[in-house]
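Q: Need a 3D model of the following:
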Amino acid sequence: MNNWICTDPDSLQHSKQINDHTWSYIESRNIPENTVHGVDYFPVVVHTVVDLHDYTLDEIWDVCSGYYNSFEEMVEQYGFREALHIMAECIFEQMRFDEMEFCAKQNDFEEAEQFIQDWMKERKSDFMTNIHHITKEEILSGLNDGRVQLITDPNMESGTVCQIGEHWFYFGGQTAEMMTPEEYRSYIPEEDIAREIVEALSDFREDSDYNTEYLYYMYYLRENSKE
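A: This next block holds a predicted model:
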């Protein structure tokens, strides 16, 4: 749902990748409570964001070592990118209630499930509301320092696409499709190139299926800025 992935149906755990090293998590945890019938367990929905950059390798290994023999084993089993996801998940599952962004007590499992579904659905509309808009000035800066590159379309082996970091996308319409990157930069003013790239990125920002890709480009430009 909206790029959310169910990572543990038993705890209703869902995760959503924000960038290469950050994930948002939500799940239901049971807590004991004394009642007139004795001790009952009630579900509490918890949510937080885990950024691996906030932890040292030793701290990450402390929470992963109970499940794996080494980082190398994790990478061999899952691949590098998914291993990072598993590391973040291990950290989340070890976090205390007072470390969460919010905790919401529910009456039963069904209510907790509905709460999580409603919360993820609401996030579709408000998740990107306060997310920074990539500007034309940032793209111009990236074109000048190499963070933003024009390359030959890897699929067609002709035409021009935009590459930011490890990913690329189409922009510029038929004109870009008909020119080599060198021709495009020679004939199209740089201001217009930047504007066309921003327009393509804005489409990613508005389409929930591509929000994660937009966030990747945004964080890549920010974290690799030469300024």
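
Q: alpha carbons only for contacts and neighbour counts from here, please
A: OK.

Q: mind listing the helices in the chain by residue range?
A: Assigned by DSSP state H, the helices in the chain fall at 57-64, 71-78, 80-94, 109-126, 136-145, 173-178, 181-187, 190-206, 211-223.

Q: Which one of these lies nearest to Trp23?
A: helix 80-94 (7.0 Å; C-alpha to C-alpha).

Q: name the helices or strands packed onto the closest one?
A: strand 22-35, strand 38-51, helix 57-64, helix 71-78 (3 or more C-alpha pairs under 8 Å, 6 or more residues apart in numbering; DSSP states H and E).

Q: Return the angle between stretch directions for the third one and helix 71-78.
A: Using axes from the mean of the first three to the mean of the last three C-alpha atoms, to 10 degrees, the inter-axis angle of helix 57-64 relative to helix 71-78 is 60 degrees.

Q: Any chance you could list what contacts helix 57-64?
A: 52, 71, 87, 90-91, 94 (C-alpha atoms under 8 Å, 6 or more residues apart in numbering).

Q: Looking at that helix now, give me its mean pLDDT.
A: Per-residue pLDDT over helix 57-64 has a mean of 93.

Q: got it, and the second one?
A: This predicted structure assigns strand 38-51 an average pLDDT of 88.

Q: Tell me which two in the contacts of helix 57-64 are the farthest apart.
A: Phe71 and Gln94 (17.9 Å).

Q: so Leu52 touches Asn19, yeah?
A: No. Look at Leu52 against Asn19 with C-alpha atoms under 8 Å: they stay out of range, at 10.5 Å.

Q: ok, back up a step: would you mind checking the contacts of helix 57-64 for buried ones?
A: Among those, those classed as buried by 16 or more other C-alpha atoms under 10 Å are 52, 71, 87, 90-91.

Q: For Ser225, state which of those residues is nearest.
A: Of these, the one sitting nearest to Ser225 (C-alpha to C-alpha) turns out to be Leu52, at 20.0 Å.

Q: which regions of this structure sit below the pLDDT cut-off?
A: 1-2, 34-39, 123-131, 208, 227 (pLDDT under 70).

Q: the domain parsing of it - what is it?
A: For the chain, the domain assignment from automatic domain parsing gives the residue ranges 5-126, 136-223.

Q: quick check, distance from the last one to the centre of its chain.
A: The chain centre lies 19 Å from the centre of domain 136-223; the measure is C-alpha atoms, centre = their mean, to the nearest Å.

Q: same question, the longest one
A: Taking the mean of its C-alpha atoms, domain 5-126 sits 15 Å from the chain's own mean (C-alpha atoms, centre = their mean).
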